[in-house]
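> Any chance you can model this:
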Amino acid sequence: MAEWVGDNMYIKFEGGDLVAPVEVQSRWKKIKIDPSVAPIDITRGPAKKHKKFAPGMHEYPMEITLGIDDASIYPAELKLDKVYTVTVCINGNVAGQPMHVQPYFIESIPVEVETGRGERVYAVKLKQGGDPTTNMFELGVVPA
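Presented below is the predicted three-dimensional model:
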């Protein structure tokens, strides 16, 4: 699992039924992407004692945790049943830095509010809705 925390991360949602792209603004951000590959059993032949596997389908589920001032709210225009193109730049939208762009749908948006803190915490869980167009796990970067 890969996890990043910082204030300078760039996160953008576009597509779905949004009329314009939404750049996520928050006091702090945390992004977790858990890349995985499903194993495929390729064991063949008589009297085999050990299984043999090959890599199968890739998956990049993402969780974005946001600390947002209580005076602000998470964009109400994001819906659970729409597919959005999500752009994540973990070191900011700076040329040459890691970038991940992929269609996702929002799986859940749990909200945590601490009394007296004046901040809402959103842990947005995303499932992939398509192949990445820029994959930071395959050296995808922000273009110059």
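> In the protein, where is pLDDT below threshold?
By pLDDT under 70, the low-scoring segments of the chain are 69-77, 111-119.
> What residues does the closest residue to residue 91 other than its chain neighbours make contact with?
Leaving aside its chain neighbours, residue 91 sits nearest to residue 97 (4.1 Å; criterion: Cβ to Cβ, 6 or more residues apart in numbering). Every residue, glycine included, has its C-beta placed from N, CA and C. Applying Cβ atoms under 8 Å, 6 or more residues apart in numbering to residue 97 gives the contacts 89-91, 141-142.
> ok, the residue nearest to the spatial centre of the chain to residue 35 distance?
By Cα atoms, centre = their mean, the chain has its centre lying nearest to residue 62, at 3.3 Å. Applying Cβ to Cβ, to the nearest Å, the value for residue 62 to residue 35 is 10 Å.
> What of residue 9?
18 Å.
> ok, those two, which is more surrounded?
The neighbour count for residue 9 versus residue 35, taken as other Cβ atoms under 10 Å, is higher for residue 9 (21 against 16).
> so where do the strands sit in the protein?
In the chain, the strands defined using DSSP state E lie at 2-6, 10-15, 22-23, 28-33, 36-41, 53-59, 62-69, 83-89, 100-108, 111-113, 119-128.
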